[in-house]
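> this is a predicted model, with the sequence first.
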Amino acid sequence: MKKIVCVYNLSKEHEQVIESLLAKQNITIVKLNEKLLNQKIGAVAQLPDFPYEDRPLAESDFDEELLLFANLSDAEVDQFADELKKHFRFSGVMAMLTEHNRNWYFIDFFDEVMKDHRLFKAIDELREEMKNCESADPSKVENLKKLNDTLMEAFLYLKAQDYEEKRLLALSSELRRLRGAAI
């Protein structure tokens with residue numbers, strides 16, 4: 001099967017570097033546009049039994065850079081990622097074609113990716129806020145017991161691994177408020 005990387009929303013600088021690296025690995029690049037966004041991922045990845053469909057153009061508010069690897073081994077993706085790191089830190093979304101997502105339309109895939117991206121960002125924010133609380137001066141914390149209780153609640157919430165973005169952000173905000181100027 002043809003090795004393909006679907007790209008979306010790349011900056012010109014990133015696009016040039018990525019195109020060059022993919023060419024060295026003899027990997028085809030597919031630039032997603034409004035027409036391709038409304039196609040199944042399997043069709044864009046040129047999988048057998050995934051014809052292009054006659055569908056209207058799709059608009060997306062997905063503003064992250066995206067690389068979707070199709071028909072590449074883990075080792076090939078790792079090799080590409082290692083080479084990419086030599087040029088810049090890619091902070092966008094990297095994903096692999098899977099049995100599960102090959103039937104999704106790209107536009108729906110973006111929605112799912114953004115939900116996950118926001119959730120992971122909220123988890124990172126809460127973890128960072130918990131670290132910040134460690135350096136807070138206890139003598140300057142207005143309600144030390146409430147801060148400790150909220151830290152324990154955040155710890156247990158993260159440990160449970162049943163996340164809701166709204167709850168994660170609320171805990172981060174509460175820790176930031178309780179910590180106040182006690183840094």
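Perfect, I can see it now.
> only C-alpha atoms for contact and neighbour calcs from this point on.
Noted.
> which SS class is Asp78?
helix (DSSP: H, G, I helix; E, B strand; the rest coil).
> that one and Lys85, how far apart?
11 Å (Cα to Cα, to the nearest Å).
> and if you look at Glu15?
Glu15 is 14 Å from Lys85, by Cα to Cα.
> so between the two, which is more surrounded?
Under the neighbour definition other Cα atoms under 10 Å, Glu15 and Lys85 were set side by side, and Glu15 has more, 16 against 10.
> give the contact list for the more buried one.
The contact partners of Glu15, by Cα atoms under 8 Å, 6 or more residues apart in numbering, come to none.
> can you check the pLDDT for it?
We have a pLDDT of 95 for Glu15.
> secondary structure element for it?
In the assignment (DSSP states H and E), Glu15 maps to helix 12-24.
> just how off-centre is that helix within its chain?
Counting by Cα atoms, centre = their mean, to the nearest Å, helix 12-24 is centred 20 Å from the centre of its parent chain.
> same deal with stretch 87-102?
That offset, for stretch 87-102, works out to 8 Å (Cα atoms, centre = their mean).
> hang on, Ala136 in a strand?
No: the assignment for Ala136, made by three-state DSSP, is coil rather than a strand.
> from Ser20, how far out is Ala170?
Using Cα to Cα, Ala170 is found at 43 Å from Ser20.
> swap that for Phe106, sorry
Distance from Phe106 to Ser20, by Cα to Cα: 24 Å.
> which one of these two has more residues nearby?
Comparing Phe106 with Ser20 by other Cα under 10 Å, the one with more neighbours is Phe106, at 22 against 13.
> nearest spatial neighbour of that one, skipping sequence neighbours?
Leu37 (4.9 Å; Cα to Cα, 6 or more residues apart in numbering).
> tell me, how many residues neighbour Leu178?
Neighbours of Leu178 using other Cα under 10 Å come to 20.
> buried residues in the helix or strand encompassing it?
Element membership for Leu178 (DSSP H and E) is helix 165-179. Residues of helix 165-179 classed as buried: 168-169, 171-172, 174-176, 178-179 (neighbour count, 16 or more other Cα atoms under 10 Å).
> what is the nearest of those to Asn9?
The nearest member of these to Asn9, counting by Cα to Cα, is Leu169 at 27.2 Å.
> how close does that closest one sit to Leu147?
16 Å.
> check Lys140 too.
12 Å.
> neighbour count for the two, which is higher?
Per other Cα under 10 Å, whichever of Lys140 and Leu147 has more neighbours is Leu147, with 20 against 13.
> list the contacts for that one?
Contacts of Leu147 by Cα under 8 Å, 6+ apart are 175, 178-179.
> tell me which element it falls in.
Assigned by DSSP H and E, Leu147 falls in helix 144-160.
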